[in-house]
Structures are given as structure tokens and as C-alpha cells.
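*Asks:* Generate a structure from the sequence data that follows.
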Amino acid sequence: MRQRNRGRATLAAAAAMCAVAALPGQVYAAGEPAAYTFAPGAKAVPGAEVSTDASPLQPGSVYRSSIKPGEKLYYRLVLDAATNAYVSAVAVPKAGGKVAYGDGITVSIRDSRDLQCSSENARFAAAEFPHPIAAYAYRVTDKDSSPCQDAGTYNVLIERESKATSTPDTWDLEIRYESEPKLKKGGTAPTEAPEDWPSASPTPPTQAKQEERPGGTSYYDATSLETGTWRDGIKPGQTLFYRVPVDWGQQIFATVDLGNSVGGSDEYVGNALALSLDNPAHGHVDDASPLSYSGKPASVSLDPLPPVAYENRFTFRADESAMRFAGWYYLSVSLSPKVAHAYGEKAIPMTLKVQVENAATTSPYGGSAGIFGVTQDDKDMARSGQSAPQADKSNTMKTVGAAGIGAGAVLVLGLGAWTLLARRRAAAAVGGPAGGAAGRQPYGGPPQAW
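*Replies:* Modelled structure (predicted):
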């Protein structure tokens, strides 16, 4: 038993260290913006041009796919009659290409008769330069709604539109499928959206944190933030990702300040910076008006959004409806590559001001909320600035330490037991018969080195 337990502890430590080594990293040329980091566990799944050939998606999973200009691709869901399902797609155009106004994707969920449950599109508007864009669709159960309420097979349809003047490259897709938790038993779900909520931006706190927080390259490695003023730098052509835990009843406000250029240029670059907000299901919430830049300090803010509430889903405004559940909300900041022509390739100083207002209220869900809730661990990550992979690495290192301590304890106990047994054998041999156990090592000797 000692050998078996010791082996298990050793294997646990080795596996944990292998897990650390397996964490994904970014590889890109020096001076170039980092590429989008896809979730490392994403499964490759092809989209089908014919719905009956569609590959099934599983809840709680992430997938990688791709889409060409003009393609319409199907994926399959199998749903019961009670689950709310959300499927998002992040489209990632290749850097260096060209996109036009109106290019983008549309995501929809449809039943077996092709009746649409919901749809959302993500389009390049005034900020006409390649950067990741996201959209989602959902099937929610509602006794007062007739389509999409039955159990059965549903289709996810992702469509891409590209102008003839755009680069005809294939776009990568990152697809997520999440199921919303059930409401508390006996609870009554609200059926109307709130009519009144604070619609003015609050005054920033004077003692808010101000420190550096380099942004991530994707939703997967987005840097965690809490209320504060966070310094960073952004290069032309780069998109930086951040995430903020926003609980039930809380509002999020965000502003980006771009610093002045050092060098004397005052060339005007229109629609130079884009600020976007997405919800925990990676559904698009809102964009700020694209910010133009002329080498001087500039600033742009998201419009005020309602506090997070389950009943927001019943409003007709897409931005307010997207504030329907608690969890990590994602901010992305993209800088046009055109800025490099006037101001060079170096990063421009930037601050991201984030403010989360109001005390948290009770979750409407029964049991664990999964990604649709805010935990103490989430708050700790926001306080420390850890991304999800950094937190995983920290937890893995704790596992390594615990496994190492456990293996060491097993060895110490084994040596102690062996020593005690040896002493007892030696004592018994003193008064025992000749040729007895005197001088013999118990059980073949001490534990072997490993």
C-alpha cells in the first residue's frame, strides 16, 4: 500500500507539471501584434452546406471551424423542451487583409421547419479594419411563444457576407455552445423588462486603482479587471481583450483614453479605435462610436447600459437584452493598422477606465450558475489581474506543491515505519533462538530511492 500511494502521489505531481508545460503560449514575430489565441481545448468541427450533414455540438464545449466568403454553414443541436441554449461565433479575419462596411457574419438558431428562434449579426461598420467580431443566437423556452419550444433537432446557421472589394480569405471561427441554468424551484420568472434604470454615467472614483494591466489576445486569455483605471499600450492592428465580473443588479461603465503621440505628427486617422462589449455567452452587447485620432489625447465611452437582470431579455433593444445574466463581461479594444502609416508601429499609451456600480443581488438560478454567475474566485482574479490561463497555472502549481508535499510525507512515514519495525526485530532477536531474525532487514530492506 505504501508503494501504491507513493506512486499515485508521484504520478499526480508529474501530471500536474505536464499540465503546466502544456499551457498555450503565443508565438509571433518580434514587434508584431499577437495573434488571436483560440481556446486550447477547442475541437475542430466542419460546417456543413447541407443541414442534414451538420455536425452536432455539445453544451459547455468550444469548437474551431472556418468560413469562406458567401458561405452558409450548418451545425446541429439536440435540445429538450426546457433548456435555454446559447451558441456564439467569433469570426477572426486574417491580419493584413481588407474588410468593407457591412462585411461580417450572422448567427441564427432554427428549428427543423427552418423557423428562426433568434439571430444576431456582427458587422464591420465605420471601423473598417480586420479584427475579431462576435455574435450569438439563442433558443429560450417561453410558454407564450409558439416557435422553437419543442424538444428535437435544431440547426445553427452561420452566414458570412463579404464585399467584392474585400480580401477573400477564409475566416477562422471560434464557436461556443452554453446552456443556461434552470431557475430556482418554485420561483416565478419575470416576464417584463425594467422600465427605469440609472442611465447616466457615474462620476469616476477619485481613489480608483491605477496600475498596468496588459490586455490579452482573445476571450480565452482576457485580462481580468475590476473598478479602476488600468494602463496599457496598443499597437496598430492589435486587439486587446479584458474581462470584468458583473453580478446581478450591477452596471458596467467603460471608457478608453488614448494618449498623445510623441513625435510631432498631427495626421488625422478616421475611425482609428473601436471599443466593444460582449456578455458571458460571448453575445455582442454594444460598441462605442469609433474614435478618430490626430496625435492628441482622445477618449471614447460605452453608452450607459442597464443593470444585469434576468428580465432584460424581454426588452426589444438588443444592447439591453444582452445584459441578461451575470458573469464575465468582455471588453475588446482594437486599433486600426492605418495608424502605423502616420505614427509608426510602436504602441500608443492607453488607459481603460472601468467602473462597476451597485451591490450584487441574488441569483435567480437554482444550484451552480456556471459561467452565468460571479464567484469569489472571479473577484479575486479581477483584483489580481489574472487571466483564466494564469489562474489555471497558479492552481496547477498548487497541485504540484500539494502532490510533492504528499509524496514527501509518504516517504517520511515509510522510513519511520521501517525504522520502528527494524528496532523491534532487533530487540526480539536479542533474546530469540540462534539463527533467528537478528541482523535481517525487515521486508527486504529500506524503501528504494525513486
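*Asks:* hey, let's count contacts and neighbours off CA atoms from now on
*Replies:* OK.
*Asks:* quick one, helices of the chain?
*Replies:* 2-21, 318-321, 339-343, 376-384, 388-430 (DSSP state H).
*Asks:* Which strand residues bridge Y63?
*Replies:* Counting by DSSP bridges, Y63 forms beta bridges with K43, I175.
*Asks:* Per-residue pLDDT of it, please?
*Replies:* What the model reports for Y63 is a pLDDT of 98.
*Asks:* ditto for the one 4 residues further on
*Replies:* Model confidence at I67, given as pLDDT, is 98.
*Asks:* Then K185?
*Replies:* K185 is given a pLDDT of 83.
*Asks:* How about S146?
*Replies:* 74.
*Asks:* Which positions in stretch 339-359 come out as buried?
*Replies:* Buried residues in stretch 339-359, counted by 16 or more other Cα atoms under 10 Å: 339-340, 343, 345, 347-357.
*Asks:* And those residues, which is closest to S199?
*Replies:* Among the buried residues of stretch 339-359, E357 lies closest to S199 (Cα to Cα), at 12.0 Å.
*Asks:* In strands only, show me the buried residues of stretch 339-359.
*Replies:* 348-357 (DSSP state E).
*Asks:* Can you tell me which of the helices of the chain has the worst average pLDDT?
*Replies:* helix 2-21 (a mean of 40).
*Asks:* wait, L225 sits on D378?
*Replies:* No. If you go by Cα atoms under 8 Å, L225 and D378 don't touch, sitting 9.9 Å apart.
*Asks:* the more surrounded of those two?
*Replies:* L225 (31 against 21; other Cα atoms under 10 Å).
*Asks:* Which parts of the stretch 101-250 of the chain are strands?
*Replies:* Using DSSP state E, counting those that start in this stretch, the strands of the stretch 101-250 of the chain run over 104-110, 116-123, 133-139, 152-161, 171-179, 209-212, 223-224, 228-234, 239-246.
*Asks:* I'd like those strands as TSV, with mean neighbour count and distance to S294 appended.
*Replies:* What follows is the strands of the stretch 101-250 of the chain, written out as TSV (neighbours: other Cα atoms under 10 Å; distance: least, Cα to Cα, whole Å):
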stretch	mean neighbour count	distance to S294
strand 104-110	24	28
strand 116-123	20	25
strand 133-139	26	25
strand 152-161	21	32
strand 171-179	21	31
strand 209-212	14	24
strand 223-224	28	28
strand 228-234	20	16
strand 239-246	26	20
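*Asks:* lowest-confidence stretch among the ones you listed?
*Replies:* Across the strands of the stretch 101-250 of the chain, the lowest-scoring stretch is strand 209-212, with a mean of 82.
*Asks:* tell me what that one is packed against?
*Replies:* Contacts defined by 3 or more Cα pairs under 8 Å, 6 or more residues apart in numbering; DSSP states H and E place strand 209-212 against strand 228-234.
*Asks:* Need the contact partners of the strand it packs on.
*Replies:* 208-215, 240, 335, 347-355 (Cα atoms under 8 Å, 6 or more residues apart in numbering).
*Asks:* count of neighbours near the nearest residue to S265 once chain neighbours are set aside?
*Replies:* Nearest non-adjacent residue to S265, counting by Cα to Cα, 6 or more residues apart in numbering: G295, 6.3 Å away. Using other Cα under 10 Å, G295 has 22 other residues around it.
*Asks:* What residues does G295 make contact with?
*Replies:* With Cα under 8 Å, 6+ apart, G295 has these contacts: 259-262, 264-268, 343.
*Asks:* at 6 Å instead, please
*Replies:* 260-261, 266 (Cα atoms under 6 Å, 6 or more residues apart in numbering).
*Asks:* can you check K235 too?
*Replies:* 346-347.
*Asks:* pLDDT score assigned to it?
*Replies:* With respect to pLDDT, K235 has a value of 96.
*Asks:* what do you get for A449?
*Replies:* 42.
*Asks:* How about residues contacting stretch 326-345?
*Replies:* 236-248, 272-280, 371-374.
*Asks:* Quick check: end-to-end length of it?
*Replies:* Stretch 326-345 has an end-to-end distance of 38 Å (Cα to Cα, to the nearest Å).
*Asks:* Likewise for stretch 62-82?
*Replies:* For stretch 62-82, the end-to-end distance is 22 Å (Cα to Cα).
*Asks:* Could you do stretch 301-316 as well?
*Replies:* First residue to last in stretch 301-316 (Cα to Cα) measures 23 Å.
*Asks:* how many other residues sit next to T170?
*Replies:* T170: 14 neighbours (other Cα under 10 Å).
*Asks:* who's in contact with it?
*Replies:* By Cα under 6 Å, 6+ apart, the contact set of T170 is 67-68.
*Asks:* separation between it and P93?
*Replies:* 7 Å.
*Asks:* In this structure V285 contacts L277, no?
*Replies:* Yes. Contact criterion Cα atoms under 6 Å: V285 and L277 qualify, at 5.5 Å.
*Asks:* more neighbours, the two?
*Replies:* Neighbours per residue, other Cα under 10 Å: of V285 and L277, the larger number sits with L277, 24 against 20.
*Asks:* Spit out the contact partners of the more buried one.
*Replies:* Contacts of L277 by Cα under 6 Å, 6+ apart are 285-286, 330-331.
*Asks:* ok, what's across the strand from it?
*Replies:* D286, L331.
*Asks:* Quickly note the distance from it to V78.
*Replies:* For L277, the distance to V78 - Cα to Cα - is 29 Å.
*Asks:* Report the beta-bridge partners for Y74.
*Replies:* A48, L157.
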